[in-house]
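Visitor: Pasting a predicted model and its sequence here:
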Amino acid sequence: MTSPIEIVNMSPQDYRNRKVALITGITGQDGSYLAELLIEKGYQVHGIIRRSSSFNTGRIEHLYKDAHENPKMRLHHGDLTDSTCLVHIISKVLPTEIYNLGAQSHVKVSFDMSEYTADVDAVGTLRLLDAIRTCGLAHLVRFYQASTSELYGKVAEIPQSETTPFYPRSPYGVAKMYAYWITINYREAYDMYACNGILFNHESPRRGRTFVTRKITCAVAGIHLGKQECLYLGNLDAKRDWGHARDYVEGMWRMLQQETADDFVLATGEMHTVREFVEKSFKATGKTIRWEGSAEEEIGIDDEGVVRVRVDPAYYRPTEVELLLGQPAKANEKLGWKRKVTFDELVEEMVKSDLVGVAAGDVFN
Ligand code: NDP
Ligand code: GDP
C-alpha cells in the first residue's frame, strides 16, 4: 500500500491513477456487485465490514476467500457510527474513490429503529465526508452517496427526475435526505467531487430476504418445492420501478468518472405492482395466480385452488410510498448508462436462483 509520505510527493493525477476504492456496505447486495466490477476494472478494493457474531460475508465469499489468494480485496472492521475508525481506515487505505453504500436500508425497520437509522444513514454520511477532510484528501478522493428514490416519497410528479421535489415518508427516507444534502453541501463548501446516485429499487438473487421481491421469489421457490404453504404480504398495490443491481453498480462507477461531480437518477422508467411481481414469480414455476377479495381479505389462489398468498396488515407501513417511477434520461445522456436486464428477466433470474438455493437449504441471509 502507498504510504502518506509517498502521497505528499504525488501529483493529483498520479494519486488517482492508483485506482484504490473503499466501499462501505461491501457485504450488502450492491457492495458485492460493485466489488466484483471494480476488481474487474483493475481497482484495489477495500471494504468496511461490521463485526458480527454470525457470518456476514456470504455475498463476497467468492471474492474474498483469503487475502493471500486475492490481494485485490481487503476488508477492515469498522462502522459508520464510529468516526475514529473511519479516519483510521481512510488514512491507511488512501482511497481514490469512496462508495458510501452502508446503511440501515430497510424502510419498514426504520420506523422501529428511527434513531439508529438516522445515526447510520444521515450522520454516518457526515462522519465519512468529514473523515475525508480530516485526512487531507478532500481534493483527491471522489465520493459516491447511495441516495434513493424513497426521497420522493409522496410523489409530486410522475415520473420522478433529478428536479422533482422530495417528500420522504419514512425515517429512512428522511435520514437519506440529510445524507443527500450534506453530500451536496460538502461538494459546494469544500470543492469535493461528491455525487448522489438517486437509485430506484434494484434487486437480484443477492437482495436481502426481507425486501418484497426476494421475499416473494424465496416463497415461490419454497411453495414449488413443497417446503412452504403460503406467502404473507402487505400492500399488494404498491408500485415500484425495479431494475437489476448489477446494472446499477455500473452507473455508480460511471458517476465518479465524469469531469465534474453531479447527481443522477438511475431507473428503468417502467413501473409494476407488487401483485404483478407475485404473478410473474409464480408463472416462472408454471403456476397461475387468481385474486379474490379485497384489501386485508384479498387472497391469491393457484390452479389447484390452494390459497398461496394472503395479506397480513403487520407488513403495512405507518406511511406508505404508493408509487415510484424514475426518469433516467440524464444518466442515459451524460453517463451513457441504460439498464440492460428487463423486468421479466429479473424475476426469472431471482426465482431460478431461489429454486436452487431453497432446494439446497442454502439461501443468502
Ligand atoms: P443492503 O441492506 O444489502 O446492504 C447494506 C450494507 O450496509 C451491508 O453491508 C450492511 O452490513 C452495511 N451496514 C449496515 N449498517 C452499517 C453500519 N452501521 N456501518 C457500516 N455498514 C453498515 O443494501 P443494498 O446493497 O441493497 O443497498 C446499498 C445502499 O443503497 C444502501 O445505502 C441503500 O440504502 C441504498 N439504496 C438501495 C436501493 C435498493 O433498491 N437496493 C435503492 C436506493 C438506495 P451487514 O452486512 O453487516 O448488515
Ligand atoms: P422499499 O421500496 O425500499 O420499501 O422496498 P421493499 O421491497 O421493502 O418494499 C417495496 C414495496 O412493497 C413497499 O411499498 C411495501 O409496502 C410493499 N410490500 C408489500 N408487502 C411487503 C412485504 O411483505 N415486505 C416488504 N418488505 N414490502 C412489502
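Guide: Now that the structure is in, tell me what you want to look at. Ligands and ions are numbered 1, 2, ... in the order given.

Visitor: who touches residue 90 in this structure?
Guide: 22, 98, 131, 132, 135, 137, 141 (C-beta atoms under 8 Å, 6 or more residues apart in numbering). In short, each C-beta sits where N, CA and C put it, glycine included.

Visitor: Would you confirm that it belongs to a helix?
Guide: Yes - counting by DSSP: H, G, I helix; E, B strand; the rest coil, residue 90 is part of a helix.

Visitor: Just want to check the distance between it and ligand 1.
Guide: Residue 90 sits at a distance of 14 Å from ligand 1 (criterion: C-beta to the nearest ligand atom, to the nearest Å).

Visitor: Same check on residue 147?
Guide: 7 Å.

Visitor: One more: residue 307?
Guide: From residue 307 to ligand 1 the distance is 29 Å (C-beta to the nearest ligand atom).

Visitor: neighbours of that residue, just the number please.
Guide: Counted with other C-beta atoms under 10 Å, the neighbours of residue 307 add up to 13.

Visitor: hey, what's it bridged with?
Guide: residue 301 (DSSP bridges).

Visitor: re earlier: closest one of the contacts of residue 90 to ligand 2?
Guide: Checking the contacts of residue 90 against ligand 2 by C-beta to the nearest ligand atom gives residue 98 as the nearest, at 23.3 Å.

Visitor: Any regions of the stretch 1-150 of the chain where pLDDT drops low?
Guide: Residues of the stretch 1-150 of the chain that meet the criterion pLDDT under 70 lie in 1, 4-5, 66-67.

Visitor: Just give the closest residue to residue 309, not the sequence neighbours.
Guide: In this structure, residue 309 finds its nearest non-sequential neighbour in residue 300, 3.1 Å apart by C-beta to C-beta, 6 or more residues apart in numbering.

Visitor: Tell me how far the closest residue to ligand 1 within the chain lies from residue 332.
Guide: Using C-beta to the nearest ligand atom, the closest approach of the chain to ligand 1 is made by residue 28 at 2.1 Å. From residue 28 over to residue 332 the distance is 26 Å, taken as C-beta to C-beta, to the nearest Å.

Visitor: Flag every residue of the stretch 201-350 of the chain that's near ligand 1.
Guide: Within the stretch 201-350 of the chain, the positions lying close to ligand 1 (C-beta under 6 Å from any ligand atom) are 201, 202, 208.

Visitor: ok, 5 Å please
Guide: Neighbours of ligand 1 within the stretch 201-350 of the chain, by C-beta under 5 Å from any ligand atom: 201, 202.

Visitor: The stretch 201-350 of the chain: strands as residue ranges?
Guide: 202-203, 231-233, 239-240, 243-244, 264-266, 272-273, 290-292, 299-301, 307-311 (DSSP state E, counting those that start in this stretch).

Visitor: Could you dump those into a markdown table with distance to ligand 2 and mean pLDDT added?
Guide: Output for the strands of the stretch 201-350 of the chain, formatted as a markdown table (distance: least, C-beta to the nearest ligand atom, whole Å; pLDDT from 0 to 100):
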| stretch | distance to ligand 2 | mean pLDDT |
| --- | --- | --- |
| strand 202-203 | 8 | 98 |
| strand 231-233 | 4 | 98 |
| strand 239-240 | 6 | 98 |
| strand 243-244 | 13 | 98 |
| strand 264-266 | 15 | 99 |
| strand 272-273 | 9 | 98 |
| strand 290-292 | 14 | 98 |
| strand 299-301 | 12 | 98 |
| strand 307-311 | 8 | 98 |
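
Visitor: Could you say which one of those comes nearest to residue 190?
Guide: Comparing the strands of the stretch 201-350 of the chain against residue 190 with C-beta to C-beta, the closest turns out to be strand 264-266 (20.9 Å).

Visitor: Would you mind pulling the contact partners of that closest one?
Guide: By C-beta under 8 Å, 6+ apart, strand 264-266 touches 149, 160-162, 195-200, 202, 243, 248, 251, 255, 326-328, 330-331, 334-335, 337, 339.

Visitor: Strands of the stretch 1-150 of the chain, start to end?
Guide: Using DSSP E, counting those that start in this stretch, strands in the stretch 1-150 of the chain cover 20-24, 44-49, 73-77, 97-100, 142-148.

Visitor: can you list the ones you listed in CSV and add mean neighbour count?
Guide: As requested, these are exported to CSV (neighbours: other C-beta atoms under 10 Å):
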stretch, mean neighbour count
strand 20-24, 27
strand 44-49, 25
strand 73-77, 17
strand 97-100, 26
strand 142-148, 25
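
Visitor: quick one on the thing from earlier: out of residue 28 and residue 332, which sits in the more crowded spot?
Guide: Neighbours per residue (other C-beta under 10 Å) separate residue 28 from residue 332, with residue 28 holding more: 24 against 16.

Visitor: just checking, that one touches residue 59?
Guide: Yes - using C-beta atoms under 8 Å, residue 28 makes contact with residue 59 at a distance of 7.1 Å.

Visitor: Contacts only, for residue 108.
Guide: With C-beta under 8 Å, 6+ apart, residue 108 has these contacts: 210, 315, 317.

Visitor: ok, the first one touching residue 107?
Guide: This means residue 210. No - Residue 210 lies out of contact with residue 107 (C-beta under 8 Å); the separation is 10.4 Å.

Visitor: Looking at the two, which is more packed in?
Guide: More neighbours surround residue 107 than the other of residue 210 and residue 107, with 21 against 12 (other C-beta under 10 Å).

Visitor: Pull the contacting residues for that one.
Guide: 150, 170, 172, 173, 317, 321 are the contacts of residue 107 under C-beta under 8 Å, 6+ apart.

Visitor: any idea how far it lies from residue 148?
Guide: Applying C-beta to C-beta to residue 107 and residue 148 gives a distance of 9 Å.

Visitor: joint contacts of these two?
Guide: With C-beta under 8 Å, 6+ apart as the test, residue 107 and residue 148 both reach 172, 173.
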